[in-house]
Structure formats: C-alpha cells, structure tokens
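>>> Here's my sequence, what's the structure:
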Amino acid sequence: MKIFTLTNELWLPQVPEEVFPFFANAVNLERLTPSSLRFRILTPLPIEMSVGTLIDYRIRLQGIPMRWQSEITLWEPPHRFIDEQRRGPYRLWVHEHTFTAQDGGTLAKDIVHYAVVGGAIVQRVFVASELRRIFEYRNAALIDYFAQ
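Numbering: from 1, shown residues only. You can find the predicted model right below:
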C-alpha cells in the first residue's frame, strides 16, 4: 500500500490556548469544509473529545455520498491531537493536528498520511488536487474566523 503525505501550515494571531478550543468542537468541522462536499456530522451533539471518541459523518466525494467514521487516537490539549479514519473512502487516513506557539500566535499544522484505492494513479488524477482545494478552503475559513 502506497502511503501519501499532505502537509499544511497556517499561522493564526491567537495563542494555542485560544485556537485549540475551536478545533476541539466537532461542530466547527462543517465550517471548515467546502459546502460542495455536503459534510454533515451524524453523531449526536455535543461530542466530548478525548482519546477513543468516535465521530460519524456524511460527505460527498467526487459527487458520491459516503459515510466516514473517525476516532480520536491522541488528545493533548492545547497542542496536539490525531484523528484516524475507522470507516470511509480511504484505505488509510491519519490526520495529526499540532498547535505551536510562534511569534505571539499559533502555527497550526496538519500532517495527513493517507492511502487510496487505486494507488498512485487515483491519487494523482483525483485525490491530490481535491485535498489541496479542501485545505485551501479550510485555511481561508480559519483566517476569516480568527480575524473576528
């Protein structure tokens, strides 16, 4: 299985103690996802985030509706957490979120290790550009939210 890595960094003007609570609230996932993906949380709210928390979603990828389940496998507020896909469209999805104090604000960094059915060809033709678009949207939404 070929594993790919996506890295995304964004500096935000608030300290990690102010940034982390936004990410700790699963409802904000909808705010960070392009509306074209029709992302919806299925798990009853509110969701208490901790190691072992399972979150079920519905999402459209390439126009196809899918269910996705993530598990929080590491929870270290206000600096880091990891979510891993337990059920969904990827063969592997491990998403590490880190929040590092930097220049009076926070460097928010995502490292996603993932594998797709179809390997490198599917990754190159369909997945890489779609993930980059999603993270660009996410960055813009975060900049907008934390500018308020």
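>>> make it CA atoms for all contacts and neighbour counts henceforth
Noted.
>>> Tell me where the protein has helices.
All helices of the chain, identified by DSSP state H, fall at 16-24, 28-31, 119-122, 128-147.
>>> now I143, nearest residue through space, not along the chain?
In space, and not counting its chain neighbours, I143 is closest to L12: 7.0 Å by Cα to Cα, 6 or more residues apart in numbering.
>>> so how many other residues sit close to the one you found?
For L12, the count of nearby residues is 23 (other Cα atoms under 10 Å).
>>> Surely it and L107 touch.
Yes. Between L12 and L107 there is a contact under Cα atoms under 8 Å: 6.4 Å.
>>> just to revisit the earlier point, looking at the helices of the chain, which has the lowest confidence?
Among these, helix 119-122 carries the lowest mean pLDDT, at a mean of 84.
>>> buried ones in it?
A120 (16 or more other Cα atoms under 10 Å).
>>> Can you tell me the centre-most residue of the protein?
The residue lying closest to the centre of the chain (Cα atoms, centre = their mean) is H95, at 6.5 Å.
>>> Name the single longest strand found in the protein.
Counting by DSSP state E, the longest strand found in the chain is strand 64-76.
>>> between it and helix 16-24, how many degrees?
For strand 64-76 against helix 16-24, the angle by axes from the mean of the first three to the mean of the last three Cα atoms, to 10 degrees is 150 degrees.
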